[in-house]
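Engineer: A predicted structure for the sequence below; I have some questions about it.
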Amino acid sequence: MTLSPPPLHNDCFALPAGVDWTPVDEALALLKSRMHPVTAEESVSLNAALGRVLARDVTALRANPPLPNTAVDGYGFAGGKTKGDHVLPLVAGRAAAGPAYEGEVPDGHAIRILTGASLPPGVDTVVLQEDVSANETHIAFHGPIKAGANTRKAGEDVLQGAVILKAGRVVTPADLALAAATGHGVLPVRLRLRVGVLSTGDELIEPGGVAQPGQIYDANRPMLLAVLHEMGFDAIDLGRVPDDPAALRVALDRAAAETDVVLTSGGASAGDEDHVSALLRSEGTLQHWRIALKPGRPLALALWKQTPVFGLPGNPVAALVCTLVFAAPALAVLAGSAWTAPEAVLLPAAFSKNKKPGRREFLRARLREGRVEVFSSEGSGRISGLSWAEGLVELSDSAQIIAPGDLVRFIPFQSFAPR
Ligand code: AMP
Ligand code: MG
């Protein structure tokens, strides 16, 4: 394992002076320019590399295929064959996948050859066995057959030394096949980014517990832990603290020791009960980002003992949207991946909406029969709408009048993950 890269700069969340409501794109550009990878690298076997972030470019140790070979079962010989009938004498033995055929095939002769076998010297063309009649000593078939037919050239897939996978890529199952085929048994990956999740609020109790009037269940923590886990991060449960600076300080100290970055939810605005903001302001390096975004409240961004803290709104809808839109791309960079701008698809709306100018809006949405539906209520407390949704519709900062059939930007939830 290598040494971890240095932490983020103290002023990494500073906003230009005099800014009031920052447009989403500006906020994202600022965040993007301030993030860098913070995780060390290690080597892991292919079986452990799925979903991990590559620490370095990976090059092919060997070409694929390593030698010219046959793509089919059939008979091999040298050169193309003209239109008309051909009869060729067979050499003894056969070429099969595995150890190479020993010997050479003389010009004008053919050899029995099986899929995957390297082409013996004297063979560059293969005729399909289905197109051949054969006895013990000869084969007969109709031309024409092009020189090189049914064969694969050495390196036609990947040349030795070529970059097969780029640093920052999240390893997929097919990447494992590519790495294995080109000679790798281990891959250089980064340690998983440890992302702590902390809920704050006097009103919160543990899911499944007995609720008194005035108490609500902590819904954000299971959701955020699951989102982060699905995105390939090491999601760490930091529990739940009341609106009490001392308890919050203990939790943040633990977070700084055990995690690379923390997501808190609740208490992040600038009000009297916003203890996360208050503590980060007095003892951390708090910046309130007032982003022109619905749903969203000010985001509290800070470093606590060099550990970045994303103070999310408590409202579960806003907490999820802010996690996907702001935290996810930043976490991707901290984890060693590229900044992820989610891929939106333009699809016809199944709804109407008259959107006012001034801020970007995200609606809970899903795709049915090629059209984008939005949840019946935009109420930001409606957790049922989050569960109903399969993605978000992104509406522009400017005014937008949408009628059924108009194209809208739909972003499936998975699109927010690093890749
Ligand atoms: P706050 O950001 O602390 O002002 O909270 C905004 C709203 O979200 C309040 O109604 C809170 O009760 C609610 N809330 C805060 N944290 C959570 C949570 N972890 N789960 C569910 N609701 C929450
Ligand atoms: Mg609160």
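Structural biologist: Structure's in. What do you need? Numbering: from 1, shown residues only. Ligands and ions are numbered 1, 2, ... in the order given.

Engineer: Show residues contacting the helix or strand that contains L320.
Structural biologist: Using DSSP states H and E, L320 sits within helix 316-322. Helix 316-322 has contacts (Cβ atoms under 8 Å, 6 or more residues apart in numbering) with 219-220, 223-224, 227, 265, 293, 295-297, 299, 310, 312-313, 362, 364, 380-383, 385-386, 392. (C-beta placed from N, C-alpha, C; glycine too.)

Engineer: restrict these to those near ligand 1?
Structural biologist: Restricting the contacts of helix 316-322 to those within reach of ligand 1 (Cβ under 6 Å from any ligand atom) leaves 219-220, 265, 313.

Engineer: how near is the residue minimising distance to the centre of the chain to ligand 2?
Structural biologist: Residue closest to the mean C-alpha point of the chain, counted by Cα atoms, centre = their mean, is R419 at 2.5 Å. R419 sits 34 Å away from ligand 2, going by Cβ to the ion, to the nearest Å.

Engineer: How about the contacts made by that residue?
Structural biologist: 169-170, 337, 340.

Engineer: Select only the buried ones of those residues in ChimeraX?
Structural biologist: Filtering the contacts of R419 down to the buried ones (16 or more other Cβ atoms under 10 Å) takes a single ChimeraX command:
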select :169,170,337,340
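
Engineer: Which member of the contacts of R419 is positioned nearest ligand 1?
Structural biologist: T340 (25.3 Å; Cβ to the nearest ligand atom).

Engineer: Might one say that that closest one is in contact with L331?
Structural biologist: No - taking contacts as Cβ atoms under 8 Å, T340 lies outside contact range of L331: 9.3 Å.

Engineer: For those two, list the residues in contact with both.
Structural biologist: Counting by Cβ under 8 Å, 6+ apart, the residues touching both T340 and L331 are P418.

Engineer: how many neighbours does the residue in the stretch 101-250 of the chain that ligand 2 sits nearest to have?
Structural biologist: In the stretch 101-250 of the chain, the residue that lies nearest ligand 2 is G201 (3.8 Å; Cβ to the ion). Using other Cβ atoms under 10 Å, G201 has 21 other residues around it.

Engineer: What of R368?
Structural biologist: Counted with other Cβ under 10 Å, residues neighbouring R368 total 9.

Engineer: quick revisit: with pLDDT, secondary structure and neighbour count as added columns, please give the ones next to ligand 1 among the contacts of helix 316-322 in TSV.
Structural biologist: TSV is the format used below for these (pLDDT from 0 to 100; DSSP: H, G, I helix; E, B strand; the rest coil; neighbours: other Cβ atoms under 10 Å):
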residue	pLDDT	secondary structure	neighbour count
A219	98	coil	18
N220	98	helix	29
S265	96	strand	31
P313	93	coil	24
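
Engineer: Between all of these, which two are at the greatest distance?
Structural biologist: With distances taken as Cβ to Cβ, the most widely separated pair in those is A219 and P313, at 12.9 Å.

Engineer: Select the helix or strand of the protein having the lowest average pLDDT value.
Structural biologist: When the helices and strands of the chain are scored by mean pLDDT, DSSP states H and E, strand 287-289 comes last with a mean of 83.

Engineer: list the buried ones in that strand?
Structural biologist: Buried residues in strand 287-289, counted by 16+ other Cβ under 10 Å: 287-289.

Engineer: Can you name the residues of the stretch 201-350 of the chain sitting close to ligand 1?
Structural biologist: Looking at ligand 1, the residues of the stretch 201-350 of the chain close enough under Cβ under 6 Å from any ligand atom are 201, 203-204, 216, 218-221, 265-269, 313-316.

Engineer: Weed out the non-buried ones from those residues.
Structural biologist: Neighbour-count burial (16+ other Cβ under 10 Å) applied to these gives 201, 204, 218-221, 265-269, 313-316.

Engineer: and which of those is nearest L30?
Structural biologist: For these, the minimum distance to L30 (Cβ to Cβ) is 18.0 Å, reached by A268.

Engineer: thought the closest one was touching G311?
Structural biologist: Yes - with contact defined as Cβ under 8 Å, A268 and G311 form a contacting pair (3.6 Å).

Engineer: which residues are common contacts for the two?
Structural biologist: With Cβ under 8 Å, 6+ apart, A268 and G311 have common neighbours 276-277, 299-300.

Engineer: Sort out for me which of these are in helices.
Structural biologist: 276-277 (DSSP state H).

Engineer: For beta bridges, what are the partners of L299?
Structural biologist: Residues in a beta bridge with L299, per DSSP bridges, are W289.

Engineer: so it sits right up against H288, yeah?
Structural biologist: Yes - if you go by Cβ under 8 Å, L299 and H288 touch, sitting 7.3 Å apart.

Engineer: Let me see the contact set for T259.
Structural biologist: Applying Cβ under 8 Å, 6+ apart, the residues near T259 are 194-196, 236, 238, 307.

Engineer: redo that, cut-off 10 Å
Structural biologist: Counting by Cβ atoms under 10 Å, 6 or more residues apart in numbering, T259 makes contact with 193-198, 234-236, 238, 307-309.

Engineer: Find the nearest non-adjacent residue to T172, please.
Structural biologist: Of all residues not flanking T172 in the chain, L50 sits nearest, at 7.6 Å (Cβ to Cβ, 6 or more residues apart in numbering).

Engineer: Secondary structure class of the one you found, three-state.
Structural biologist: The three-state assignment at L50 reads coil, by DSSP: H, G, I helix; E, B strand; the rest coil.

Engineer: How many neighbouring residues does it have?
Structural biologist: 14.

Engineer: residues contacting it?
Structural biologist: The contact partners of L50, by Cβ under 10 Å, 6+ apart, come to 44, 170-173, 175-176, 232.

Engineer: make it 7 Å
Structural biologist: Going by Cβ atoms under 7 Å, 6 or more residues apart in numbering, L50 touches 171, 173, 176.

Engineer: related to what we said a few turns ago, off-centre distance for the least confident helix or strand of the chain?
Structural biologist: 28 Å (Cα atoms, centre = their mean, to the nearest Å).

Engineer: any residues touching that strand, and which ones?
Structural biologist: Against strand 287-289 from outside (Cβ under 7 Å, 6+ apart): 13-15, 22, 27, 270, 298-302.

Engineer: The stretch 101-250 of the chain: strands as residue ranges?
Structural biologist: For the stretch 101-250 of the chain, applying DSSP state E, counting those that start in this stretch gives strands covering 110-113, 125-128, 132-134, 138-145, 151-152, 163-165, 186-190, 194-200, 204-205, 216-217, 234-241.
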